[in-house]
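Peer 1: Sharing a model prediction with you, sequence too.
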Amino acid sequence: MQRIDLPNGDILLPVYFKGRQEKFCRVSVLRCAFDGLRLKFVEQGNELSLDTDRGLAEPSLARFNGRFYLTLPGARIAVNLPRRSNVVVCRRLC
């Protein structure tokens, strides 16, 4: 998993998870604060799911031209995270 360190010291941390009774993994991005000693949870973004194969797993974040991108290699989709919106746009790659 690849995280993004923001200029204010916050960290965007992509995670994946599934419940004990769930078949497919889901992903989300956590915003955490780091004071040099402790990592503190601040907020969680939308949970994304795809109910095929194993679901969504192994997320990474990238920043390009001022935008953030969540990559999900096993799912063959790219997610564009708009700067000023909670809306997540997904585009199928294959």
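Peer 2: All right, it came through fine. Residues are numbered from 1 along each chain as shown.
Peer 1: What is the neighbour count of the nearest residue to L39 once chain neighbours are set aside?
Peer 2: Distances taken as C-beta to C-beta, 6 or more residues apart in numbering place C32 nearest to L39, at 5.1 Å, with adjacent residues excluded. For every residue, glycine as well, the C-beta is placed using N, CA and C. As a burial measure, C32 scores 17 neighbours (other C-beta atoms under 10 Å).
Peer 1: Check whether C32 really touches I11, as I assumed.
Peer 2: Yes - with contact defined as C-beta atoms under 8 Å, C32 reaches I11; the gap is 4.7 Å.
Peer 1: Name the residues contacting each of these two.
Peer 2: Both C32 and I11 are in contact with L39, where contact means C-beta atoms under 8 Å, 6 or more residues apart in numbering.
Peer 1: the strands in this structure, which residues?
Peer 2: 4-5, 11-17, 26-34, 39-44, 48-49, 60-64, 67-72, 77-81, 89-92 (DSSP state E).
Peer 1: pretty sure P14 is touching Q2, no?
Peer 2: Yes - assessed by C-beta under 8 Å, P14 is found in contact with Q2 at 7.2 Å.
Peer 1: Settle it for me: which of the two has more neighbours?
Peer 2: P14 (21 against 13).
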